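Colleague: What follows is a predicted protein model with its sequence.
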Amino acid sequence: MKKEKVFWGVLLILLGVFLIVSKLGYFSEVNVFSLLVTAFLLVVIVKSLLRLEFAGVLFPIAGICIMYDEQLGITNITPWTVLIAALLGSIGLSMIFHKRPKCVNFQCNCEDFNFEKIDVEDGSRVGVKNSFGGSVKYINTDNFEQADLNCSFGALKVYFDNAVMKNDSAVVRLNASFSGVELYIPKGWKVEDKTNVVLGSMNEKNRNNQVTTNTLILVGDIKFSGVEIVYI
């Protein structure tokens, strides 16, 4: 919610700047109504991307092309060619990526996935990569130092309750885009969040305020994704 408020706040500021600049004679060919419609379509595109709803992405793009066809020099393919292309593209992408996450407010509904279970013995460094699907990873090691977690357009659950740190701290490099990630952390651990979040969210559940034994340092990038830390 906070990220959406920031987005709309920046958008309103830009609209105000545009009004002043347009009154000074710049960008006179672009009216305020077209700009407002464009801003609305961009919001639809972003929200549709989060849900992998391809029609909600391609048709707004087609609408933008139609509105600015003269400026873009594409009057010969508007409106019907771009609309038909958007329709065909939506059908084709929906057929290819028919298993997709349903995301609301950067949180993915994990029930939409058939999770692949990964439960093997691990070394000090663990790597997990997941795309367009669901995975559950159980980290089993007595000398845990680092985990590299990469998830795009999917859902990932990682359990650390069977991991014993080699030192007092360990690092998790998390890179998530258009995904939902759940990290299950022992209550005796402290989590230091140093991730870079862009239009996403980071939440904690069952946080322990008592004395901690180890520190887990989170680094990486979270883009258009929801990450939930659950203490168990």
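Modeller: Yes, it's here.
Colleague: hey, where'd the helices end up in the protein?
Modeller: Taking DSSP state H, the helices of the chain run over residues 2-23, 32-51, 55-67, 69-72, 80-96.
Colleague: Show me which positions of the third one end up buried.
Modeller: I take that to be helix 55-67. Applying a neighbour-count criterion of 16 or more other C-beta atoms under 10 Å, the buried positions in helix 55-67 are 56-67. All C-beta atoms are positioned from the backbone trio N, CA, C, and that covers glycine.
Colleague: which other helices and strands contact it?
Modeller: Counting by 3 or more C-beta pairs under 8 Å, 6 or more residues apart in numbering; DSSP states H and E, the packing neighbours recorded for helix 55-67 are helix 32-51, helix 80-96.
Colleague: tell me how far that helix is from the chain's mean position?
Modeller: Counting by C-alpha atoms, centre = their mean, to the nearest Å, helix 55-67 is centred 21 Å from the centre of its parent chain.
Colleague: correct me, but residue 152 touches residue 176?
Modeller: Yes - judged on C-beta atoms under 8 Å, residue 152 makes contact with residue 176 at a distance of 7.4 Å.
Colleague: Kindly report which one of the helices of the chain carries the lowest mean pLDDT.
Modeller: Within the helices of the chain, the least confident segment by mean pLDDT turns out to be helix 2-23, at a mean of 63.
Colleague: Is it correct that residue 79 is in contact with residue 67?
Modeller: No - with the criterion set as C-beta under 8 Å, residue 79 and residue 67 do not qualify as a contacting pair; they are 9.9 Å apart.
Colleague: Which residues are in contact with residue 184?
Modeller: Neighbour list for residue 184: 157-161, 230, 232 [criterion: C-beta atoms under 8 Å, 6 or more residues apart in numbering].
Colleague: let's see it at 7 Å
Modeller: Taking C-beta atoms under 7 Å, 6 or more residues apart in numbering as the criterion, residue 184 is in contact with 158-161, 230, 232.
Colleague: Break the chain down into its structural domains.
Modeller: Residue ranges of the domains in the chain are recorded as 2-96, 104-231, according to automatic domain parsing.
Colleague: tell me the most buried of these?
Modeller: Highest mean neighbour count of the domains of the chain: domain 104-231, a mean of 17 (counted as mean count of other C-beta atoms under 10 Å).
Colleague: average model confidence for it?
Modeller: The average of the pLDDT scores along domain 104-231 is 82.
Colleague: Work out the gap between it and the centre of the chain.
Modeller: For domain 104-231, the distance between its averaged C-alpha position and the chain's averaged C-alpha position is 15 Å (C-alpha atoms, centre = their mean).
Colleague: And for stretch 66-83?
Modeller: Centroid displacement of stretch 66-83 relative to its chain, using C-alpha atoms, centre = their mean, is 30 Å.
Colleague: Please report the separation between the first and final residues of it.
Modeller: 9 Å (C-alpha to C-alpha, to the nearest Å).
Colleague: Then stretch 72-81?
Modeller: Chord length of stretch 72-81, first to last residue, is 15 Å (C-alpha to C-alpha).
Colleague: Contacts made by it with the rest, please.
Modeller: In this structure, residues lying in contact with stretch 72-81 by C-beta under 7 Å, 6+ apart are 65-66, 69.
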